[in-house]
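> Got a predicted model here, sequence first, then my questions.
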Number of protein chains: 2
Amino acid sequence: MSMSRTERGPERLVVIGGDAAGMSAASQARRMKGPDELEIVAFERGHFASFSACGIPYWVGGEVTERDQLIARTPEEHRARGIDLRMRTEVTEIDVGGQRVRARDVESGGESWTSYDKLVIATGARPIRPDMPGAEAPGVHGVQTLDDGQALLDTLARTRGRRAVVVGAGYIGVEMAEALINRDYEVTVVNRGREPMSTLDPDMGRLVHEAMEGLGITMVNDAEVTKILTGDDGRARAVLTEDAEYPADVVVLGIGVRPETALARAAGLPLGTHGGLLTDLAMRVRGHENIWAGGDCVEVLDLVSGQERHVALGTHANKHGQVIGTNAGGGYATFPGVVGTAVSRVCDLEIARTGLREKDARRVGLQFESVTIEATSRAGYYPGASPMTVKMLAERRTGRLLGVQIVGREGAGKRVDIAAVALTAGMTVDRMTALDLGYAPPFSPVWDPVLVAARKASKAVRQRT
Amino acid sequence: MSMSRTERGPERLVVIGGDAAGMSAASQARRMKGPDELEIVAFERGHFASFSACGIPYWVGGEVTERDQLIARTPEEHRARGIDLRMRTEVTEIDVGGQRVRARDVESGGESWTSYDKLVIATGARPIRPDMPGAEAPGVHGVQTLDDGQALLDTLARTRGRRAVVVGAGYIGVEMAEALINRDYEVTVVNRGREPMSTLDPDMGRLVHEAMEGLGITMVNDAEVTKILTGDDGRARAVLTEDAEYPADVVVLGIGVRPETALARAAGLPLGTHGGLLTDLAMRVRGHENIWAGGDCVEVLDLVSGQERHVALGTHANKHGQVIGTNAGGGYATFPGVVGTAVSRVCDLEIARTGLREKDARRVGLQFESVTIEATSRAGYYPGASPMTVKMLAERRTGRLLGVQIVGREGAGKRVDIAAVALTAGMTVDRMTALDLGYAPPFSPVWDPVLVAARKASKAVRQRT
């Protein structure tokens, strides 16, 4: 069956991808225009729409008990709001000239074309699966989708052994390490980088490394996984690196993701150096008036470096969807870019970053001062005051804030928001020293840790220039 | 004995007041210049220097166990750093023309003059003591100084009855209510305002009211205390208002403070409408090249309203001291002003505000949109997600952020920092909707509560203009 646009009916908005960006866009477009003006058709190849991928580690770890808690809105709820959401339907081709997409019913294999007036591409990201023997063996799990999470939980329920190896030590890796610790596994994290959390500078990653070991996690750095060894039953039994073999009853891959843009590439749409779709500030695919893209499949402008980057985060996907839906619905909104904020947790360790690392700054030609301070989350005399380390980068001469990294305990992570807003505003570290931040002994020392770092950074800038 | 400046010796910096602002100034000036260049003499009339007044409620409540934990630096430590700190010595006159101050030894009553080249006035604030019968009776306590705190603790240790009345429902009042709840008192808070926390709009104060009642605190609003009744032993036994009588075994006054500027007034120095010293941006007293003032005795520029206000907070006092010490030490620094951030806590309730309330905005001629939203501190599915209410004011037409108030539980209070930085940067609520804040399920929903409020405020601005 082929669906073509009726000549005098409402416009049709087609959305490819039923997760955060796609369904936010669809919902917002629906708020802007009713069904008599705009028909909305959304295609999702998976079993779930609008789920929180970020929540999967906490479901696997047992802190979130039910899979359905991770589902923000069911397909039925979307349909009740006037969105024709077609599950298990994969778009296999975008015909830009013909303004139509070809979709395949995953179960039946049947294909048909659907025409569009406006198109939203929200195809997300795909996990990096290392191209090595054993990567597809039973007992090796990614954690990108709810199906992945369920499969991992099934493996954990079946497995008698308690040895888990996590490959990768980025956000997903460390969060999965926590999840498996919570499930009483002996956890080894194998990391190709010098230290875990390569989104931090290595000196700050070192603090994460030490804290993870304090939690009983075995951290192996500078180790490239070459092979996943399987047993007689075909299941994964160990992770092999150039130097060693790590026995594993379960292997979790947390190596990161890449933009899922095969469809867009085939359609001739513009991709950036990170493989993501390139859009303008209104989230329109560059050069295409009636095609928008958002979420994990696009590159975003980094406001600090002035360059495009790929950041797969639900919070951006939701914002993109909001902007796209407003624009596709006839309104006006923009997404100005990111400053690169991220926050994570391994048990009670909080890890946060925003802006540029040292190597990012160097890569874009910025000279900088870098300072690191230790302070406490609350007044030193107040119970529960915990130490945190704050690293701050400021541009040489101008003193402009370039980045902040924080590692600490309770109260450390969200302090990065102070720096995120200051970065957005292009604030200097000297101006930051006078920021009027919330102070009371249960919340902060009289000089907030971020201000202590700003004072030191300001001094470094003055002394050097 | 009189001390006069030696003709060829080092310059002399005299500091009046040995608490946060004064001793920060002295310490920073000492860092800038050694004793051969700058002599530093500081006078403190009390028994303690450099103590945390903000910590007193937590000491009274038992969370901080030792008084000395609240002392950041002892007089001996200051002296070891080359500051001639004279305790129990009260400055009784500033002779601006003669560049000298008269100081009295509190114990002996002996007086002498000390000349200065540079002067720092850091005389702090004095608690408002209601002018009514019984206000000075035993069993009635202020909580401004460590001596006050000790006297209150002594009363609590001696008192068999468990009924406490707190007069005033600002920060000090609600913190003292918590302290006394922690000490197992039946606590009644008597408040002349419509709702507690008059630094919030009444609709947000109402939430604090309800939460306090949920904690077992009896909250009496719209009640002016007329008298403190005393028993046959002369001790306070009840608090009387126009309408009722509240039996009290102990009475705590938490009505707020006023700048302590009697000395400055007598010396003819410029005071503002709130009774605080007026300074320039370098914290110099206006019109006086060699006199600085900071801390609770000065008025500060409110960057949002463009008017002066009085804010007694240790965090400002420390910043002022830093700026003054740098300038008095021959360097250059400024204090640009405040946005009016404050955060407080009553048991697990967190209360925060920054910028203007509705009545502040009206008073300075600003028209605004006001929105209130409810959201959660973490992803809704994540354990420990707690509700919070965020109120946001944005200027009509321009959409500029004017103020934020937050009432919630864990994770609510310090979120106000996001708004504090945005206010400082003059950000619009529309720009705020795209802020790149830290997101992960244990830290925030995918739309941070502050972003949810910004979205609603942005929409309100667009719809009205």
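Received, thanks. Numbers count the residues shown, from 1 in each chain, chains lettered A, B, ... in the order given.
> Quick one: distance of stretch A:412-426 to the chain centre.
In terms of CA atoms, centre = their mean, to the nearest Å, the gap separating the centre of stretch A:412-426 from the centre of its chain is 18 Å.
> Start and end of stretch A:211-219, how far apart?
Stretch A:211-219 has an end-to-end distance of 10 Å (criterion: CA to CA, to the nearest Å).
> what is the mean pLDDT for that stretch?
Rounded to a whole number, the mean pLDDT of stretch A:211-219 is 96.
> Contacts for it, please.
Contact with stretch A:211-219 is made by A:169, A:174, A:177-178, A:181, A:186-189, A:191, A:196, A:209, A:346-347, A:349, A:407, as judged by CB atoms under 8 Å, 6 or more residues apart in numbering or on different chains. Glycine gets a C-beta too; all of them are placed from N, C-alpha and C.
> Any idea how many residues pack against the residue of the stretch 1-150 of chain A found nearest chain B?
With CB to the nearest CB, the shortest gap between the stretch 1-150 of chain A and chain B falls at residue A:69, namely 3.8 Å. By the measure other CB atoms under 10 Å in any protein chain shown, the count of residues near residue A:69 is 17.
> and the closest residue to it other than its chain neighbours, what element?
Distance criterion CB to CB, 6 or more residues apart in numbering or on different chains; nearest residue to residue A:69, sequence neighbours excluded, is residue B:381 at 3.8 Å. When secondary structure is defined by DSSP states H and E, residue B:381 falls outside every helix and strand.
> Touching, residue B:381 and residue B:442? I think so.
No. Residue B:381 lies out of contact with residue B:442 (CB atoms under 8 Å); the separation is 10.9 Å.
> shared neighbours, the two?
When contacts are counted by CB under 8 Å, 6+ apart, residue B:381 and residue B:442 are jointly contacted by residue A:58.
> Neighbours of residue A:110, how many?
Residue crowding around residue A:110 was assessed by other CB under 10 Å; the count is 11.
> does residue A:27 sit in a helix, a strand or a coil?
Reducing the assignment at residue A:27 to three states with DSSP: H, G, I helix; E, B strand; the rest coil gives helix.
> The host helix or strand of residue A:405 pairs with which strands, and in what direction?
Taking DSSP H and E as the criterion, residue A:405 maps to strand A:401-408. Strand pairing for strand A:401-408, using DSSP bridges, gives strand A:349-355 (antiparallel), strand A:387-395 (antiparallel).
> Could you identify which of these is most buried?
Each of the strands paired with strand A:401-408 was given a mean neighbour count from mean count of other CB atoms under 10 Å in any protein chain shown, and the largest, a mean of 27, is that of strand A:349-355.
> circling back to that earlier point, with mean pLDDT added, can I get the strands paired with strand A:401-408 in a markdown table?
Formatted as a markdown table, the strands paired with strand A:401-408 follow (pLDDT from 0 to 100):
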| stretch | mean pLDDT |
| --- | --- |
| strand A:349-355 | 97 |
| strand A:387-395 | 98 |
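> Which of these sits closest to residue B:342?
strand A:387-395 (22.3 Å; CB to CB).
> now that closest one, how far from the chain's geometric center?
Averaging C-alpha coordinates over strand A:387-395 and over its chain gives two centres that are 23 Å apart (CA atoms, centre = their mean).
> Quickly list what residue A:401 is bridged to.
Listed beta-bridge partners, residue A:401: residue A:394 (assigned using DSSP bridges).
> quick revisit: isn't the residue of the stretch 1-150 of chain A closest to chain B right up against residue B:385?
No. Shown here, residue A:69 and residue B:385 do not form a contact pair, counting by CB under 8 Å, at 10.7 Å.
> which residues are contacting stretch A:124-134?
By CB under 8 Å, 6+ apart, the surrounding residues in contact with stretch A:124-134 are A:17, A:19, A:21, A:135-136, A:140, A:142-144, A:167, A:225-230, A:236, A:253, A:255-260, A:295-297, A:312.
> could you flag which of the residues you listed are buried?
Buried residues within the contacts of stretch A:124-134, counting neighbours by 16 or more other CB atoms under 10 Å in any protein chain shown: A:17, A:19, A:21, A:135, A:140, A:142-144, A:167, A:225, A:228-230, A:236, A:253, A:255-260, A:295-297, A:312.
> what's the most distant pair in the contacts of stretch A:211-219?
Maximum pairwise distance in the contacts of stretch A:211-219, criterion CB to CB, is 24.1 Å, between A:186 and A:407.
> Between the two, which has more neighbouring residues?
A count of neighbours by other CB under 10 Å puts residue A:407 above the other of residue A:186 and residue A:407, at 26 against 17.
> can you list the residues that contact stretch A:75-84?
By CB under 8 Å, 6+ apart, the surrounding residues in contact with stretch A:75-84 are A:18, A:23, A:26-27, A:30, A:34-35, A:39-42, A:44, A:49-50, A:85, A:87.
> actually stretch A:239-247, not the one I typed
The contact list for stretch A:239-247 (CB under 8 Å, 6+ apart) reads A:163, A:165, A:167, A:188, A:190, A:220, A:223-229, A:237-238, A:248, A:251.
> Could you tell me which residues of the stretch 51-200 of chain A lie near chain B?
When proximity is defined as CB under 8 Å from any CB of the partner chain, the stretch 51-200 of chain A approaches chain B at A:52, A:54, A:55, A:58, A:63, A:64, A:69, A:70, A:171.
> burial count for the closest residue in space to the first one that isn't next to it in sequence?
Right, residue A:52. Spatially, and ignoring its direct neighbours in sequence, residue A:52 is nearest to residue A:70 (4.7 Å; CB to CB, 6+ apart). Around residue A:70 there are 22 other residues, counting by other CB under 10 Å.
> what sits against residue A:70?
Going by CB under 8 Å, 6+ apart, residue A:70 touches A:51, A:52, A:55, A:56, A:59, A:64, A:146, B:381.
> quick one, what contacts the nearest residue to residue A:48 once chain neighbours are set aside?
Nearest residue to residue A:48, sequence neighbours excluded (CB to CB, 6+ apart): residue A:146, at 5.0 Å. Neighbour list for residue A:146: A:46, A:47, A:48, A:51, A:56, A:67, A:70, A:71 [criterion: CB under 8 Å, 6+ apart].
> Just the buried residues of those residues.
Under a neighbour-count criterion of 16+ other CB under 10 Å, the subset of the contacts of residue A:146 counted as buried comprises A:46, A:48, A:51, A:56, A:67, A:70, A:71.
> just to revisit the earlier point, could you dump the strands paired with strand A:401-408 into CSV with distance to residue B:10 added?
Converted to CSV, the strands paired with strand A:401-408 look like this (distance: least, CB to CB, whole Å):
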stretch, distance to residue B:10
strand A:349-355, 44
strand A:387-395, 34
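> Out of those strands, the one nearest residue A:268 is which?
strand A:349-355 (34.4 Å).
> and for the next helix or strand after that closest one, what are the contacting residues?
Per DSSP H and E, the first helix or strand lying C-terminal to strand A:349-355 is helix A:358-363. Contacts made with helix A:358-363 from outside it, assessed by CB under 8 Å, 6+ apart, are listed as A:201, A:305, A:367, A:368, A:370, A:393, A:402, A:403.
> any idea of the mean pLDDT for helix A:358-363?
Model confidence over helix A:358-363, given as mean pLDDT, is 98.
> Which positions within it qualify as buried?
Going through helix A:358-363 with 16+ other CB under 10 Å, the ones that come out buried are A:358, A:360, A:361.
> With stretch A:370-381 instead?
The neighbour-count criterion (16+ other CB under 10 Å) identifies A:370, A:371, A:372, A:373, A:375, A:376, A:377, A:378, A:379, A:381 as the buried residues of stretch A:370-381.
> Endpoints of that stretch, how far apart?
Using CA to CA, the span of stretch A:370-381 from its first residue to its last is 29 Å.
> Give me the distance from it to the chain's centre.
Centre-to-centre, stretch A:370-381 and its host chain are 28 Å apart (CA atoms, centre = their mean).
> And for stretch A:92-100?
How far stretch A:92-100 lies from its chain's middle: 29 Å, per CA atoms, centre = their mean.
> Which positions in that stretch come out as buried?
A:94, A:96, A:99, A:100.
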